[in-house]
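>>> Sequence isn't available, so here's the structure alone:
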């Protein structure tokens, strides 16, 4: 009987094992997770969970008894320390060797950290990646405390929004010229800069961290412009690195993540990869999509293929971020955009930003504008690109753009 071993009990791993069973796979399934809790949602960690609006159990993707009911062996608090592709075995942290017929790596990514030489190992310096990170930093989010957020990407901005809502004094530094520079157009950066400043966040762009100050616990920060801040704690949000060490040590091809083909296989025909750790092909480019949607879709495609199907996976990128009362929804990838067109929404503060590469619509950012987000998503997936003048004209019936 075929034994499928899945390493990494996050969104991708949980989606894959569930899909295997719904596809009728009757073999053995083992899901291995390094944490002590069942698979859970990660996006709420930096939002509702940190705000105290969501209990831990509500984070769980499935009830704890789901896995036993589906005859899925869930091994928690267990790490895989090595892979032997020739013997088709994995070595576990408790010393056990486990055989597999098909192995899937859904090991995610690790947050980038600050070097110890500039204070990165001081107490009171936090990252946001897993439940233990959120639990460790939650007590620091107390009214009146002073926090430095390092990094103006979505994780940093979400943490800043939570801190501001809880009554903290928030300073955010971004060494690039503007927040969200790596992932969004200036128009989107402008929108969120104004949003955060309206909530009292001190945003400093073009300014990096020189070093954190303190003996054991962080007490301050020196910035690259020479200024110094007194702080009670710091949150580091400077991106993630895909978890590729296991794959590399097993001789599997790795680039920007674990390299996979259109069906999710790695360079080893019995090893697959999905989620934040895996790269795939998108419109002739090798990309790695860091999103819940991609983790689910890619993992489920692999499950179908392991169960005997033959489907190719093409990413359909979509993302979201919640900050204050604003929901940002993103469809598509804006890589290589040449123009951005702004459409004001019907509600106050609602608007959408439409990215074009020459004459082709490639992405949409929608702020509190779910209707235009869905229209943009459907247009992109259908390969249709309206005349940009229609997007900026308030009189345009946007739904009409979907008609043949």
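Received, thanks. Source: prediction; values computed, not measured.
>>> Next up, the contacts around residue 156.
Taking Cβ atoms under 8 Å, 6 or more residues apart in numbering, we find residue 156 in contact with 149-150, 172, 174, 179, 235, 237-238. Where C-beta positions appear, they are placed from N, C-alpha and C, glycine not excepted.
>>> May I have the secondary structure class of it?
Under DSSP: H, G, I helix; E, B strand; the rest coil, residue 156 falls in the helix class.
>>> same question, residue 132
Secondary structure assignment for residue 132 (three-state DSSP): helix.
>>> Contact partners for it?
residue 35.
>>> Recalculate using a threshold of 10 Å.
Residue 132 is in contact with 35-37, 45, counting by Cβ atoms under 10 Å, 6 or more residues apart in numbering.
>>> Out of the contacts of residue 156, name the ones that lie in strands.
The strands in this structure, assigned by DSSP state E, contain 149-150, 172, 174, 235 from those.
>>> Mind picking the one among these that's closest to residue 253?
If you rank the ones in strands among the contacts of residue 156 by distance to residue 253 using Cβ to Cβ, residue 150 comes first, at 33.0 Å.
>>> Please tell me how far that closest one sits from residue 288.
In this structure, residue 150 and residue 288 are 23 Å apart, going by Cβ to Cβ, to the nearest Å.
>>> So if I had to pick from these two, which one is more boxed in?
The neighbour count for residue 150 versus residue 288, taken as other Cβ atoms under 10 Å, is higher for residue 150 (25 against 22).
>>> dump the residue contacts of the nearest residue to that one once chain neighbours are set aside.
Spatial nearest neighbour of residue 150, excluding adjacent residues (Cβ to Cβ, 6 or more residues apart in numbering): residue 236 at 4.9 Å. Going by Cβ under 10 Å, 6+ apart, residue 236 touches 111-114, 120, 125-128, 148-151, 155-156, 159, 209, 212.
>>> Quick check: bridge partners of residue 97?
Listed by DSSP bridges, the beta-bridge partners for residue 97 are residue 91.
>>> returning to what we had before: mind listing the residues bridging to the residue nearest to residue 150?
With DSSP bridges as the criterion, residue 236 is bridged to residue 127, residue 150.
>>> Let me know the secondary structure of the closest residue to residue 52 other than its chain neighbours.
Distances taken as Cβ to Cβ, 6+ apart place residue 138 nearest to residue 52, at 7.7 Å, with adjacent residues excluded. Here residue 138 is recorded as helix under three-state DSSP.
>>> Which one of the ones in strands among the contacts of residue 156 is nearest to residue 395?
Of all those, residue 174 has the smallest distance to residue 395: 37.6 Å, by Cβ to Cβ.
>>> I'd like to know how many residues surround the nearest residue to the closest one once chain neighbours are set aside.
Closest residue to residue 174 apart from its sequence neighbours, by Cβ to Cβ, 6+ apart: residue 152 at 3.2 Å. As a burial measure, residue 152 scores 28 neighbours (other Cβ under 10 Å).
>>> Please apply the same query to the one 3 residues further on.
Other residues lying near residue 155 total 23 when counted by other Cβ under 10 Å.
>>> on that earlier part again, only the buried subset of the contacts of residue 236, as a ChimeraX command please.
Selection command for ChimeraX covering only the buried members of the contacts of residue 236, criterion 16 or more other Cβ atoms under 10 Å:
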select :111,114,120,125,126,127,128,148,149,150,151,155,156,159,209,212
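>>> Could you identify the most distant pair in the contacts of residue 156?
179 and 235 (14.6 Å).
>>> Go ahead and confirm residue 266 touches residue 246.
No - the pair residue 266 and residue 246 fails to qualify as a contact (Cβ atoms under 10 Å) at a distance of 11.0 Å.
>>> Name the residues contacting each of the two.
Common contacts of residue 266 and residue 246 (Cβ under 10 Å, 6+ apart): 103, 105, 252, 258, 273.
>>> distance of the first one from residue 133?
In this view, residue 103 and residue 133 are 27 Å apart by Cβ to Cβ.
>>> quick one: which of these two has more around it?
residue 103 (26 against 17).
>>> after the strand or helix carrying the more buried one, next one along is what?
Assessed by DSSP states H and E, residue 103 sits inside strand 102-105. Counting by DSSP H and E, the next helix or strand C-terminal to strand 102-105 is strand 109-111.
>>> Adjacent strands (with direction) for that following strand?
Strand pairing for strand 109-111, determined by DSSP bridges: strand 240-242 (antiparallel).
>>> which of the residues in the partner strand are buried?
240, 242.
>>> who touches the very next helix or strand once past it?
Counting by DSSP H and E, the element after strand 240-242 in chain order, helix or strand, is helix 245-249. For helix 245-249, the external contacting residues (Cβ under 10 Å, 6+ apart) are 7-8, 79-83, 90, 103, 105, 107, 110, 252-254, 257-259, 266-268, 271, 273, 277-278.
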